[in-house]
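# The following block contains a protein sequence and its predicted model.
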Amino acid sequence: MKEIICIHVGQCGIQVGNAQWELFCLEHCIQPDGQIVRGEGIKNEISEDSSSIFQEIKLGKYVPRSIFIDTDPMVVDEVRNGRYKSLFHPDNLITCKEDASNIFTRGFYAFGKQVLDISLDRIRKLADSCNNLQGFFIFNSTGGGTGSGLCSQIMSRLSVDYNKKIRLGITVFPSPQISTTVVEPYNSVLFTHQSLCDGLDLNIVIDNQAIYDICYNYLDIENPSYSNLNQLTAQIVSSLTTSIRFNGTLNTNLNEMFTNLIPYPRLLFMLSSNAPYVPYENYCCQQPSTYQISNSVFDSNNMMAKCDPRKGKYMACCMLYKGDIVPQEVYKSIAQLKTKRTIEFVDWCPTGFKIGISRQPQFTLIQKDLPQIERSVCMISNSTAISQLFENMSYKFDQLYTKRAFAHWFVGEGMDECEFSESIEDVAALIKDYEEAGVETSQEDNFVEEYE
Ligand SMILES: Nc1nc2c(ncn2[C@@H]2O[C@H](COP(=O)(O)OP(=O)(O)OP(=O)(O)O)[C@@H](O)[C@H]2O)c(=O)[nH]1
Ligand SMILES: [Mg+2]
């Protein structure tokens with residue numbers, strides 16, 4: 001058995017965590033108080049696999065292998081007093097007295113220090129309770145000071161203390177058009193630099209505008225709330241971890257996925273997409289076929305980040321199917337997709353598909369009152385198109401930084417100003433890395449010949 005530990009940092013990380021653990025509990029038949037649901041129709045084999053994410057502290061009582069950390073006590077207090085208050089270990093809900101006021105350096109230095117040591121101590125205790133720890137899933141947003149700054153500290157400490165364990169981030173990056181705080185571009189650039197410096201092995205990039213549009217356009221939710229957005233994010237993580245939690249027809253474990261998805265260590269930012277999204281009124285209609293769902297996950301409207309994959313090339317795709325899936329249908333569908341001109345792969349890696357199939361059907365938190373979806377798929381893909389996100393981030397950073405606007409808030413907290421320029425240069429280098437990965441090998445040959 002391989003365990004993972006979920007680390008939720010800052011308001012966004014914690015609120016995504018609320019949805020995540022609600023879904024995990026549903027999938028493993030665990031009630032909000034941590035007691036296992038026993039009774040008719042519930043297969044024991046389902047719950048047996050839950051030990052990768054839950055620890056059984058006494059017979060039938062389960063506690064998540066998770067930790068919630070925020071400088072601001074308010075969001076965690078909601079967990080402490082909410083429906084799932086007896087699910088979590090109270091020592092693993094860690095807070096300070098006030099938030100980091102959207103400033104990376106406050107989360108990184110000042111306030112962060114107050115909770116860093118205690119958080120690392122609790123993480124160590126969680127790690128010690130595992131037989132064979134596989135790694136960490138880290139949830140945060142880059143917009144605020146805690147999610148960007150404190151989370152960076154935690155990532156870098158984990159890379160030292162647990163350098164053999166995987167570190168996977170589920171990160172809400174700023175949306176291209178909506179902005180909730182003025183200094184978001186600074187925080188995001190500083191965080192991106194930190195995640196490239198030994199911070200993360202793989203990062204699933206989420207943006208709120210993209211998931212908002214999915215809720216509004218596909219699920220007919222008039223005013224999507226954070227809670228709706230988080231429910232969609234939770235589904236991606238559920239698919240990612242299915243292979244360690246349930247027996248599958250074709251199991252793809254996390255390490256295999258990593259090997260296939262990351263051709264170069266810096267190209268670690270992934271797109272994710274899910275299908276099908278079925279609006280309420282269409283639920284009774286015929287459910288889509290394996291080919292239809294496989295095709296839909298390549299649609300830019302299904303992507304959890306605003307990014308058009310047609311403007312880049314895929315380096316690798318991992319297709320994680322759930323439900324009533326026949327492997328032959330999957331192979332046929334993928335063969336068909338490979339002939340489509342709109343799905344372009346880099347020429348140095350033309351067959352980069354990795355497939356996982358689990359019999360466990362997808363649970364949907366948003367539509368939990370409706371019948372289960374028969375078959376679904378989640379795709380994690382590495383596409384050079386993701387550089388659009390970094391170009392946008394870099395543009396917004398420059399707008400502020402050419403005037404040094406708001407920079408004093410960061411420098412005043414103990415950061416050297418050169419960290420701004422180092423970080424933005426790193427983002428520029430990343431954009432270049434993606435560009436080079438997309439260059440045709442034949443063009444590269446010509447390029448070399450010209451200079452010989
Ligand atoms: N998807 C999603 N995004 C959220 C949620 N809560 C906040 N955000 C986004 O996260 C960014 C703000 O970061 P927060 O997580 O609130 O900040 P923080 O990490 O608590 O940091 P400080 O409050 O500055 O200490 C904005 O882009 C918000 O839109 C949430 O529950 N779900
Ligand atoms: Mg906060």
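In hand now; what should we look at? Numbering: from 1, shown residues only. Ligands and ions are numbered 1, 2, ... in the order given.

# Tyr226 is in contact with Tyr212, correct?
No: using CB atoms under 8 Å, Tyr212 is not in contact with Tyr226, being 9.8 Å away. In this view, the C-beta of every residue, glycine as well, is placed from N, C-alpha and C.

# Compare these two and say which is more crowded by neighbours.
More crowded of Tyr212 and Tyr226, by other CB atoms under 10 Å: Tyr212, with 21 against 16.

# Not counting its neighbours along the chain, what's nearest the more buried one?
Leaving out its chain neighbours, the residue that sits closest to Tyr212 by CB to CB, 6 or more residues apart in numbering is Pro224, at 5.2 Å.

# who touches that neighbour in this structure?
If you count contacts by CB atoms under 8 Å, 6 or more residues apart in numbering, Pro224 has them with Ile211, Tyr212, Cys215, Tyr216.

# Kindly report the same for Phe139.
6-9, 12-14, 16-17, 20, 169-171.

# Among the residues you listed, which are located in strands?
Cys6, Ile7, His8, Val9, Gly169, Ile170, Thr171 (DSSP state E).

# can you map out the strands along the stretch 101-250 of the chain?
With DSSP state E, counting those that start in this stretch as the definition, the stretch 101-250 of the chain shows strands at residue ranges 133-141, 166-173, 202-207, 248-250.

# Each with direction, which strands does the second one pair with?
Within its sheet, and counting by DSSP bridges, strand 166-173 is paired with strand 133-141 (parallel), strand 202-207 (parallel).

# quick one: which of the contacts of Phe139 has the most company?
Most neighbours among these, by other CB under 10 Å: Val9, with 33 neighbours.

# does Asp272 have beta-bridge partners, and which?
For residue 272 the amino acid is Ser, not Asp. The partner list for Ser272 in beta bridges (DSSP bridges) reads Ile380.

# State the distance from it to ligand 1.
13 Å (CB to the nearest ligand atom, to the nearest Å).

# can you tell me how far that residue sits from Ile53?
19 Å (CB to CB, to the nearest Å).

# between those two, which one's more packed in?
Ser272 (27 against 23).

# For Lys354, which residues are in contact?
Lys354 neighbours (CB under 8 Å, 6+ apart): Thr252, Glu256, Met257, Asn260, Leu261, Ala316, Cys317, Cys318, Met319.

# For it, grab phi and psi.
Main-chain torsions, Lys354, degrees, to the nearest 10: phi -120, psi 140.

# Leu87 too?
Per degrees, to the nearest 10, the backbone of Leu87 is at phi -80, psi -50.

# Nearest residue to it in space, please, no chain neighbours.
According to CB to CB, 6+ apart, the nearest residue to Leu87 is Gly34 (4.8 Å).

# shouldn't Tyr264 be in contact with Glu436?
No: the pair Tyr264 / Glu436 is not scored as a contact, 9.5 Å apart, by CB under 8 Å.

# Flag the shaky bits of the stretch 151-300 of the chain, pLDDT-wise.
249, 280-285 (pLDDT under 70).

# Can you classify Lys306 by secondary structure?
Here Lys306 is coil, with the state taken from DSSP: H, G, I helix; E, B strand; the rest coil.

# what about the helices in the stretch 1-150 of the chain?
10-27, 44-48, 73-81, 104-105, 111-128, 145 (DSSP state H, counting those that start in this stretch).
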